[in-house]
Structure formats: C-alpha cells, structure tokens
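Chemist: Return a 3D structure for these sequence lines:
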Amino acid sequence: MMTTPFLNGDHYTYKSLVWEDLMLTRHERHLLLQLPTHVDCLSSAIFGGGMRKIDRIANIYVDRRYDCNDPEKDIEKLFQEWNYPQEYTAGLLTAVQLEHAAVLEENGKDASLFCCTTAGISNGARAGSERTTFPVYQPGTINTMLMIDARMTQAAMVNAVITAVEAKTAALADLGIRDVENGLVATGTTTDAIVVGVSQSTSYPIAHRYCGTATDLGAVIGRLVYGTVRESLIAAGVKTS
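Modeler: Residues are numbered from 1 along each chain as shown. Predicted structure coming up:
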C-alpha cells in the first residue's frame, strides 16, 4: 500500500486504509496528520517533542534560506494562525517539497501501522565522521511520522525509534547516498526528525515490550520506514542503481 498521494497535485487529503479516521492533508505550506484520538508520542519534533499526548502533527515547509534563530516561536505563531491546539500538536520543519511525501501502511492482528516520510539528501551526512557541525537548529530533511495502532511499553517505543533509524540508514545505503562533505556512505542527513505515536488501544490482545528487527512489529516498522524513505527520494529524482 505504498503511495505518493500528493505527487501529481490532484489529491489533498489521504485517508488511512488501516486506521479509521486517520487523515493526512496537504495544505499550501504544510502536511497535517490528524489522528482520531490522542496517542502516546515520542519524538524529536522541534515543537512539542519528547514524550507527550498528541492528536496531530504538522510537517511545515521552509526554504533553505530559513532563519533558524527561533524555530519554536515561528511554529507557535503558525499554529496560532491555523488554530491548531498547541498542547496536542507536534511541529516539524522540512526543506523538502511536500509533494514528495511517501506513505506506506500495513495491517496486522497485533498492530496496524501508518508511516509518512518526506526525504531529501542535499545535506546527507555520516554519523561519526569528521564533518561540519552547527550550534543551532537547522530544518530537517528526512522527517518520518510513524503511527502505530497497538499497545506498547515506553521501552518498546524507544526500540521503535532505533529500528526506524536503522531502516532509514539502510535505505540511504542501498540508494548509494553519500555524505556531501567526505563522500562516505550517509547514515542520515544533518537534522532528521521522527515522531512515533502509539494508540495504546486495548482492542489488541498483547502489549508489545520489544520492537527490534527480530520482532514482528519491528519488521513492519523496518519495511515501512525503509520503503517511505526510498520512495520519497525517488519521487524527488534520486536514481536507483
């Protein structure tokens, strides 16, 4: 169920096929992911990050000349303008064209998952290598919104982030993406972000305690993140080898 729902500019609301009433809408300057209920969220979002309850996420486009002096304040102003409840909204920034967003979903007996990624590699980077760093925030390039309709412990949610990052790195490696400064295989870009949301629905019989690559849930997360990173980059014009 892979799709790039906004690539041709003719669809502005995507309704989830596996999570009733979850919707992704493309607005002029942002993607809005709306959830039917509050979810437990663990994220690196510049606005509303950390561990909290949310029911929406805004992935906001900024160009590469964006002044990053106070991104939280900038997002707060936008949320006021759009009448979004700040307490329950996470905000991401991206310099990627929003029509390059890729969506992938899977449905299972112990969990249903929705994943959306916007990806670009103009600032591809390899963690652990010698390269330029910055003291202030820069807008993210690979932003992933991973929503999991299931029951999970907080430890499993952290494990989900680990698995998602591994899958992103694998996708970049398989596409031959390189660090723009030193030419080594990139592990990400300089300011990637991720939001993991979990419904904690009691309709599922088990609570997931682990989420590594050897678990059923971790395997799904890996497929969805790998697939959406790859598809979004292909939509942006990255050639496959």
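
Chemist: from here on, contacts and neighbour counts on C-alpha atoms
Modeler: Fine.

Chemist: so where is this structure shaky, pLDDT-wise?
Modeler: 1-2, 10-11, 134-140, 241 (pLDDT under 70).

Chemist: Okay, strands next: where are they in it?
Modeler: 13-15, 23-26, 30-43, 50-61, 89-94, 102-107, 112-118, 124-125, 143-149, 151-152, 188-189, 193-198, 207-208 (DSSP state E).

Chemist: What would the second one look like as CSV? C-alpha coordinates only.
Modeler: Written as CSV, here are the backbone C-alpha positions of strand 23-26 (Å, rounded to 0.1, in the frame of the first residue of the first chain):
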residue,chain,number,x,y,z
MET,A,23,-6.0,11.5,7.7
LEU,A,24,-3.1,13.2,6.0
THR,A,25,-3.9,16.5,4.3
ARG,A,26,-1.6,18.7,2.1
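
Chemist: Pull the residues that contact that strand.
Modeler: The contact list for strand 23-26, computed with CA atoms under 8 Å, 6 or more residues apart in numbering, reads 6, 12, 13, 14, 15, 16, 31, 32, 33, 34, 35, 98.

Chemist: out of the residues you listed, which are buried?
Modeler: 6, 13, 14, 16, 31, 32, 33, 34, 35, 98 (16 or more other CA atoms under 10 Å).

Chemist: Show the contacting residues for residue 98.
Modeler: Residue 98 touches 6, 26, 30, 31, 61, 118, counting by CA under 8 Å, 6+ apart.

Chemist: and the most centrally placed residue in the chain, what is it in contact with?
Modeler: For the chain, residue 144 is the residue whose C-alpha lies nearest the centre (CA atoms, centre = their mean; 1.0 Å). Listed by CA under 8 Å, 6+ apart, the contact partners of residue 144 are 115, 116, 117, 118, 193, 194, 195, 225.

Chemist: go on, residue 45?
Modeler: 90, 91, 92, 193, 194, 195.

Chemist: From these, pick the one nearest residue 130.
Modeler: residue 193 (21.4 Å; CA to CA).

Chemist: coming back round to it: make a markdown table from the contacts of strand 23-26 and add distance to residue 159 to it.
Modeler: Formatted as a markdown table, the contacts of strand 23-26 follow (distance: CA to CA, whole Å):
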| residue | distance to residue 159 |
| --- | --- |
| 6 | 30 |
| 12 | 33 |
| 13 | 31 |
| 14 | 28 |
| 15 | 27 |
| 16 | 24 |
| 31 | 26 |
| 32 | 25 |
| 33 | 23 |
| 34 | 24 |
| 35 | 22 |
| 98 | 28 |
